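just a sequence and a predicted model for now, questions to come.
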Amino acid sequence: MKFTQNLRPRQGLLKALTLVFLLSVSVMPLNVLANESEKATFNSTNTLQTILTSSHRSEQNRLRDKYRHPIQTLEFFGLRPNMTVVELWPGGGWYTEILAPFLAPKGQLIVTNFADASKSALAFQEKLAANPEVFGKVKVAQINSPNELTLAPDNSVDLVVTFRNIHNWVKAGYAEQVYAAAYKALKPGGILGVEEHRALKGTSLQESIKTGYMSEDGVIAAVEKAGFKLVGKSEINANPKDTKDYPGGVWTLPPTLSQGQKDRQRFLTIGESDRMTLKFIKPKAP
């Protein structure tokens with residue numbers, strides 16, 4: 001009898017401890033699952049739309065979708081999930097965040113980065129390394145323009161894209177070398193997709209270099225001189241509100257807003273720049 005009486009409190013304590021343990025076990029997976037659900041996960045079922053809404057993109061980057069129209073732009077260029085794609089001068093990686101997960105399951109993304117130890121080059125490399133779930137399959141082509149511009153093996157790439165870089169290449173004096181490198185890397189029939197700030201007709205080259213707005217006719221002529229053929233234009237990224245006459249050039253507008261608080265709301269209302277969107281092909285041999 002005494003034994004039974006002593007056992008009952010212990011049995012009660014054991015039951016309580018067991019209940020606490022079971023409750024803790026049942027709760028822990030929910031926390032883990034909650035944390036896991038916040039991570040970006042990608043596979044071959046992902047579309048550009050699901051990638052745009054994924055948690056790996058910052059709210060700041062998502063807000064620019066209305067100006068940059070990434071889905072329409074990439075579809076105009078003919079992006080497919082099994083392609084090998086080179087992104088030239090990716091900057092902070094705004095488009096890389098979209099291209100990398102889209103191509104990872106079946107394709108390949110190659111991005112250029114400067115071979116030097118500049119702040120921008122290191123920052124971009126750190127961005128890639130910090131998120132292997134998104135960028136783990138991205139290949140980096142180290143460049144040292146204009147002398148070292150090998151993007152990929154010759155005739156191996158389906159699509160080369162560049163977003164708002166040409167004004168910098170022209171200013172630096174090596175735009176022709178970049179076009180030649182893209183031509184060399186692309187397969188016959190491969191596509192070069194170009195997005196660039198668009199100048200008013202009649203704008204001189206000197207004024208374009210100063211303001212960042214490039215002549216559409218001038219860009220087409222320069223790219224075709226490298227051997228490409230223009231096969232399409234789109235007004236996806238046009239902005240009729242952009243008057244292109246600002247004191248700080250294109251950098252007056254978002255996202256840079258170089259004038260600070262001066263007329264800030266006016267420039268926010270205008271939005272990002274008016275842009276040409278062009279599609280070129282590397283012709284197949286006759």
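All right, it came through fine. In this text, all values refer to a predicted model and were calculated from it rather than measured experimentally.

regarding residue 162, what is its secondary structure?
Look at residue 162: counting by DSSP: H, G, I helix; E, B strand; the rest coil, its state is strand.

what pLDDT is listed against the spatially closest residue to it that is not a sequence neighbour?
Excluding its sequence neighbours, the residue lying closest to residue 162 (CB to CB, 6 or more residues apart in numbering) is residue 88, at 4.3 Å. Yep, even glycine has a C-beta here, placed from its N, CA and C like the rest. Note for residue 88: predicted pLDDT of 98.

repeat that for the one 4 residues further on.
At residue 92, the model reports a pLDDT of 95.

same check, this time on the one 10 residues further on
The predicted structure scores residue 102 at 98 on the pLDDT scale.

can you name the element that comes right after the one helix or strand it maps to?
With the criterion set as DSSP states H and E, the secondary-structure element containing residue 102 is helix 96-103. Reading on from helix 96-103 to the C-terminus, the next helix or strand found by DSSP H and E is strand 108-114.

next secondary structure after that following strand?
In the C-terminal direction, the helix or strand that comes right after strand 108-114 (DSSP H and E) is helix 119-130.

got the CA positions of that next one in CSV?
Once side chains and other backbone atoms are set aside, the C-alpha atoms of helix 119-130 remain, and they are given as CSV (Å, rounded to 0.1, in the frame of the first residue of the first chain):
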residue,chain,number,x,y,z
LYS,A,119,33.9,48.3,-53.4
SER,A,120,31.2,47.6,-56.0
ALA,A,121,32.9,44.4,-57.1
LEU,A,122,33.3,43.1,-53.6
ALA,A,123,29.7,44.0,-52.6
PHE,A,124,28.3,42.1,-55.6
GLN,A,125,30.4,39.1,-54.8
GLU,A,126,29.3,39.2,-51.2
LYS,A,127,25.7,39.4,-52.3
LEU,A,128,26.0,36.2,-54.3
ALA,A,129,27.9,34.3,-51.6
ALA,A,130,25.4,35.4,-48.9
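
could you pull up the contacting residues of the residue most central in space within the chain?
For the chain, the residue nearest the mean C-alpha position is residue 95 (1.0 Å; CA atoms, centre = their mean). The neighbours of residue 95, taking CB atoms under 8 Å, 6 or more residues apart in numbering as the test, are 70, 87, 161, 163.

so the residue nearest to residue 162 makes contact with residue 160?
Yes. If you go by CB atoms under 8 Å, residue 88 and residue 160 touch, sitting 6.5 Å apart.

kindly provide the distance from the residue nearest to the centre of the chain to residue 164.
Going from residue 95 to residue 164 by CB to CB, to the nearest Å gives 10 Å.

adding distance to residue 61 and neighbour count, write the contacts of residue 95 out as a markdown table.
Output for those, formatted as a markdown table (distance: CB to CB, whole Å; neighbours: other CB atoms under 10 Å):
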| residue | distance to residue 61 | neighbour count |
| --- | --- | --- |
| 70 | 10 | 22 |
| 87 | 15 | 25 |
| 161 | 17 | 22 |
| 163 | 13 | 22 |
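
in the residues you listed, find the pair that's most separated.
With CB to CB as the measure, no two of those lie farther apart than 70 and 87, at 12.3 Å.

run the chain-centre distance for the host helix or strand of residue 219.
Under the criterion DSSP H and E, the helix or strand holding residue 219 is helix 216-225. Per CA atoms, centre = their mean, to the nearest Å, the displacement of helix 216-225 from the mean C-alpha position of its chain is 24 Å.

against which helices or strands is it packed?
Based on contacts counted as 3 or more CB pairs under 8 Å, 6 or more residues apart in numbering; DSSP states H and E, the elements that helix 216-225 packs against are helix 175-185, strand 186-197, strand 229-234, strand 275-281.

could you give me the buried positions within that helix?
When neighbours are counted by 16 or more other CB atoms under 10 Å, the buried residues of helix 216-225 are found to be 216, 218, 219, 220, 222, 223.

mean confidence score for that helix?
When pLDDT is averaged along helix 216-225, the result is 98.

what does it rub up against?
Contacts to helix 216-225, defined as CB under 8 Å, 6+ apart, come from residues 166, 175-176, 179, 192, 194, 196, 198-199, 201, 205, 208, 230, 276, 278, 280.

going through those residues, which ones are buried?
Under a neighbour-count criterion of 16+ other CB under 10 Å, the subset of the contacts of helix 216-225 counted as buried comprises 166, 175, 179, 192, 194, 196, 198-199, 208, 230, 276, 278, 280.
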